[in-house]
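Colleague: build me a model:
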Amino acid sequence: MPRRLTQSRFLPNVFARPSSTRHSFSTLRWLTWLVAVWLSGCAGAPERPDSLRQALLGLGHHAAEQVAQAPPLAETPLIDQVLLLSPPNVDERLSLSVARVQESLTRGLLAIDDGPQVLDWQPGDTPAADTQQWLIDSRLIADGPRLRLSDRELVPYRFELRLRRPGDGAALWSTVLNGAFDADAL
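Modeller: Residues are numbered from 1 along each chain as shown. The predicted structure follows:
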């Protein structure tokens with residue numbers, strides 16, 4: 001003989017028609033639970049910071065845009081220019097490798113539509129006396145103390161770029177980019 005289903009004392013009877021007071025109490029409890037869940041989502045941990053790679057690529061793209069708009073490069077189409085990247089000087093307080101900073105600038109320059117040829121250059125290399133070659137010197141400096149916010153810590157930086165002819169120490173163009181890295185990404 002089939003067993004008759006009875007209401008458990010631990011589970012509410014969902015098929016029973018609630019009385020008006022019981023209905024308002026369960027609705028109030030359900031709304032309270034819904035608001036608590038919603039508020040816990042708002043009070044949760046902040047979003048994870050962009051990874052270091054993303055932050056450096058953003059810096060490289062911004063720097064490349066500035067270089068592409070440099071007045072000395074405007075005389076000839078960018079596609080006909082050759083940019084030689086010297087290894088950047090990187091402040092030790094930033095805990096970044098020279099290779100990572102140089103890679104981000106290289107990727108930014110290579111991403112320019114109809115952009116220049118980009119080559120790594122070492123101080124011992126002697127480039128040809130080609131009028132289409134430019135040397136880019138860069139320096140990434142920690143620019144002040146860390147800034148503590150309520151949910152994160154920022155490390156301000158200054159990124160200096162100089163454009164000059166190979167063999168000539170005088171900069172024909174320079175710019176400074178300021179910003180801050182999220183310390184958690186470093």
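Colleague: phi and psi next, for residue 113.
Modeller: phi -60, psi 130 (degrees, to the nearest 10).
Colleague: ugh, wrong one, residue 160
Modeller: phi -100, psi 130.
Colleague: swap in the one 3 residues further on?
Modeller: Geometry field for residue 163 lists phi and psi as phi -120, psi 130, criterion degrees, to the nearest 10.
Colleague: nearest spatial neighbour of it, skipping sequence neighbours?
Modeller: residue 173 (4.3 Å; CB to CB, 6 or more residues apart in numbering). The way it works is simple: take the backbone N, C-alpha and C, and place the C-beta from them, glycine included.
Colleague: got a list of what the one you found touches?
Modeller: Taking CB atoms under 8 Å, 6 or more residues apart in numbering as the criterion, residue 173 is in contact with 70-72, 162-163.
Colleague: and if you look at residue 131?
Modeller: No contacts exist for residue 131 under CB under 8 Å, 6+ apart.
Colleague: gap between it and residue 158?
Modeller: Distance of residue 131 to residue 158, given as CB to CB, to the nearest Å: 31 Å.
Colleague: again, but for residue 81
Modeller: For residue 81, the distance to residue 158 equals 26 Å [CB to CB].
Colleague: what about the two, which has more around it?
Modeller: The residue with more neighbours, out of residue 81 and residue 158, is residue 81; 19 against 15, by other CB atoms under 10 Å.
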